[in-house]
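Enquirer: sequence and computational prediction follow.
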Amino acid sequence: MDKEYLRRWFDPQSRSFKELRELQHEATLMIDLRDGFRELRTVAGMDCSYLGDRIICAIVVLDYTTLDIIKREHVVQKVRLPYIPTYLNFREGCAMASAFGKLEKKPDVLIMDSCGINHPRRSGMASYFGAVMDHPTIGVSKKILCGEALVPTEVGEYHELVYEGEQVGWVLKTSKRSNPIIASPGHKVSMQSCLEIVGHCLKGHKLPEPTRLAHLYAAELREELKAGKGHQTTFNENY
DNA sequence: GCGACAG
DNA sequence: ATCTTGTCGC
């Protein structure tokens, strides 16, 4: 994945929304929803936080069996696009690709704080990123972007999320007090494996460990930057 | 036109 | 996502 390749897929600069939609469509054509991993030894979670005009992307790699942390990486960049529903991949894509690129050993599967195929154009961040990077991904979010589902009320209960007559993910009740979460296949992960992998990573909290820990790490880095430690922290502008 | 809408 | 105080519950 050279810089030019990443720029083409993730940089929203000087591009119209029509062009961005065409890129999403192009990525969608590459999506494969069959399991594309050989074994599950590691799983990573990736999430972003913001500070002013900067975006902080954090990634945490865990041992799949024990869920212990193996590695953490992050990058800080300038934000290039405001938040616009259904175009999140172009807001956070550059930072995510850069942080992911820092990992010498890629995780067997990557869980992202976003949508997978549960997207109006089947191009949620997890699906778009997975297809472009050709890596197994799963999207986990806290709100439904599109689709409908029965509301699970008992911890452990889950239902199919359906959009335009097709199942695009799952809605799961993961903890007593919190609202259900949504899990959707991104790329190279089947609908069944998506449910099993996310279920395996649950540890009593609302979010699965990979994403929960990445979220905490991103928030931690944000506080460090705010405190002025930004210069001794990793600076990684552009891709 | 109006409301909804991942992070 | 971020801005924010107290508050209820395991």
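Expert: Noted; the coordinates are in hand.

Enquirer: contact partners for the residue in chain A that DNA strand C sits nearest to?
Expert: Using Cβ to the nearest atom of the strand, the single residue of chain A nearest to DNA strand C is A:S49, 3.4 Å away. In short, each C-beta sits where N, CA and C put it, glycine included. By Cβ atoms under 8 Å, 6 or more residues apart in numbering, A:S49 lies in contact with A:55-56, A:58, A:215, A:218-219, A:221-222.

Enquirer: which residue is nearest the middle of chain A?
Expert: A:M112 (1.9 Å; Cα atoms, centre = their mean).

Enquirer: my read: that residue touches A:P136, true?
Expert: No: the criterion here is Cβ atoms under 8 Å, and A:M112 misses it with A:P136 at 11.3 Å.

Enquirer: next, the buried residues of the longest helix seen in chain A.
Expert: Counting residues, the longest helix in chain A under DSSP state H turns out to be helix A:209-226. Going by neighbour count (16 or more other Cβ atoms under 10 Å), the buried part of helix A:209-226 is A:209-215, A:217-218, A:221-222, A:225.

Enquirer: go on, stretch A:143-160?
Expert: In stretch A:143-160, counting by 16+ other Cβ under 10 Å, buried: A:144-147, A:149, A:152, A:158, A:160.

Enquirer: out of those, which is nearest to A:P120?
Expert: Closest approach to A:P120 among those (Cβ to Cβ): A:C146, at 5.5 Å.

Enquirer: for that closest one, which residues are in contact?
Expert: Taking Cβ under 8 Å, 6+ apart, one finds A:118-120, A:163, A:168 in contact with A:C146.

Enquirer: and the strands in chain A?
Expert: With DSSP state E as the criterion, chain A has strands at A:42-51, A:54-63, A:69-78, A:109-112, A:137-141, A:158-163, A:166-172, A:181-187.

Enquirer: low-confidence ranges in chain A?
Expert: Scanning chain A for pLDDT under 70 picks out A:229-239.

Enquirer: interface residues of it facing DNA strand B?
Expert: A:47-48, A:83, A:85-89, A:113-115, A:119, A:124-126, A:139, A:141-145 (Cβ under 7 Å from any atom of the strand).

Enquirer: so of those residues, which ones are in helices?
Expert: Using DSSP H, those in helices are A:88-89, A:125-126.

Enquirer: just to revisit the earlier point, and the contacts of A:S49, which two are the farthest apart?
Expert: A:I55 and A:H215 (14.1 Å).
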